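Engineer: here is a sequence together with a model predicted from it:
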Amino acid sequence: MPELPEVESIKLQLEKKLIGKRIEKVWLNPGSLVFRDCPERNNFSKKLKGRKIDRILRRGKYLLLKLNNKMLVIHLGMSGNILFKEPAFKRDKHTHLELYFKNFKLIFRDPRRFGRVGLVKSDDFSALCGLAQLGVEPLTKKFNGAWLGGKLALRKAPIKSLLLDQKIACGIGNIYSDEACYLARICPLRPGGKISAEEIKALVKAIKKVLREAIKKVGCTIQDYKTSEGLAGDYKPRVYGRADERCYRCGGKIKRAKLGNRSSFYCPNCQT
DNA sequence: CGAATCCCCTGACAGC
DNA sequence: TGCTGTCAGGGGATTC
Ligand SMILES: [Zn+2]
């Protein structure tokens, strides 16, 4: 499932391929995955056609394609992916958007349909509620121990749930929240407000470390993400998905806990 | 406001 | 073989 490192890897790939190119034709699936609150949902395709790709940005797990005067917003959900194919390539039923360029086309595919696309005015980060509410980027200086401490204070929810809350810090998903808690030796189920300043500092460090490491390795290739073409992530999880296996650090048995609808993996022996 | 719960959607996989 | 049930999960909605 694409989290910050996977989306960042895709962003870098898109930059190489798309900057300066003009959209010649657009195909949008009629049962499309356009954001419900997309202000430009009418004539979506027409408004995209003819525009040039100026810049590509990432905010949290959102991909932002800056066009002259507009911005195309893509969220990959959990099974979404971007592919490049020759223009004549036959689309399948999971394709939701195609942007045709001179010698190729960009395909947005998402079998599980949790992804979304949207169009807003250029630099309008407030039109889409999900994008507008995003918190701090975890790889910036603003994301530090003191700042996170302020956000976690008095909170009773498990730290893992708070790390997944995109309104606090954005881009952290199920895999990297577990990975970061593991590195920081913090049990993901612990209430956020009960974590000491020192531990929070370690957690911030761990989050930055796993995200940077994963970006360097082009993300993590598991489950739905593995079918992506052109991107084979090489990040190997330390705990995520390793239920009942042995902890690399202490040899303990890794546990899988349910946290709302999510599963969380941790070592009860060395994460407290 | 915060916390917990449910739901969307469909491929993969287990069990019969 | 082929059917059925279960699971995964980002994020929004709902409820208390
Ligand atoms: Zn351990």
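Structural biologist: Thanks, I have the structure now. Here the structure is a predicted model, which is why all the values come from computation and not from measurement.
Engineer: can you give me the strands in the stretch 151-272 of chain A?
Structural biologist: Ranges of strands in the stretch 151-272 of chain A, per DSSP state E, counting those that start in this stretch, are A:255-259, A:262-266.
Engineer: how about the last one and the ion, any contact?
Structural biologist: No: between strand A:262-266 and the ion, judged by Cβ under 5 Å from the ion, nothing touches; the nearest distance is 8.5 Å. C-betas here are computed from N, CA, C, even on glycine.
Engineer: hey, which of the strands of the stretch 151-272 of chain A is tucked in deepest?
Structural biologist: Across the strands of the stretch 151-272 of chain A, averaging neighbours per residue (mean count of other Cβ atoms under 10 Å) puts strand A:262-266 on top, at a mean of 20.
Engineer: can you tell if that one touches DNA strand C?
Structural biologist: Yes: residues of strand A:262-266 contacting DNA strand C under Cβ under 7 Å from any atom of the strand: A:Arg262, A:Ser263.
Engineer: just want the angle from that strand to strand A:255-259.
Structural biologist: With axes from the mean of the first three to the mean of the last three Cα atoms, to 10 degrees as the basis, strand A:262-266 and strand A:255-259 are set at 150 degrees to each other.
Engineer: what are the pairing partners of strand A:262-266, and which direction each?
Structural biologist: When pairs are called by DSSP bridges, strand A:262-266 turns out to pair with strand A:255-259 (antiparallel).
Engineer: can you list contacts of the partner strand?
Structural biologist: Here strand A:255-259 makes contact (Cβ atoms under 8 Å, 6 or more residues apart in numbering) with A:158, A:160-161, A:188-189, A:243-244, A:263-268.
Engineer: export that strand as PDB, just CAs?
Structural biologist: C-alpha atoms of strand A:255-259 as PDB (Å, rounded to 0.1, in the frame of the first residue of the first chain):
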ATOM      1  CA  LYS A 255       2.600 -10.400  18.000                       C
ATOM      2  CA  ARG A 256      -0.200  -9.200  15.800                       C
ATOM      3  CA  ALA A 257      -2.800  -7.000  17.400                       C
ATOM      4  CA  LYS A 258      -6.000  -5.500  16.100                       C
ATOM      5  CA  LEU A 259      -6.300  -1.800  16.300                       C
END
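Engineer: let me see the mean pLDDT of that strand.
Structural biologist: Regarding strand A:255-259, the rounded mean pLDDT is 92.
Engineer: from the chain's centre, how far out does it sit?
Structural biologist: Relative to its chain's centre, strand A:255-259 lies at 22 Å (Cα atoms, centre = their mean, to the nearest Å).
Engineer: quick one on the thing from earlier: any chance of the contacts of strand A:255-259 in a markdown table, plus pLDDT?
Structural biologist: Listed next are the contacts of strand A:255-259 as a markdown table, based on pLDDT from 0 to 100:
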| residue | pLDDT |
| --- | --- |
| A:Pro158 | 96 |
| A:Lys160 | 96 |
| A:Ser161 | 95 |
| A:Pro188 | 96 |
| A:Leu189 | 95 |
| A:Ala243 | 92 |
| A:Asp244 | 91 |
| A:Ser263 | 93 |
| A:Ser264 | 95 |
| A:Phe265 | 95 |
| A:Tyr266 | 96 |
| A:Cys267 | 96 |
| A:Pro268 | 95 |
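Engineer: and those, which is closest to DNA strand C?
Structural biologist: Nearest to DNA strand C among these, counting by Cβ to the nearest atom of the strand, is A:Ser263 at 4.1 Å.
Engineer: quick check: that closest one vs A:Phe114, distance?
Structural biologist: 17 Å (Cβ to Cβ, to the nearest Å).
Engineer: sorry, back to before: what would the strands of the stretch 151-272 of chain A look like in a markdown table with distance to A:Ser45?
Structural biologist: Below are the strands of the stretch 151-272 of chain A laid out as a markdown table (distance: least, Cβ to Cβ, whole Å):
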| stretch | distance to A:Ser45 |
| --- | --- |
| strand A:255-259 | 40 |
| strand A:262-266 | 35 |
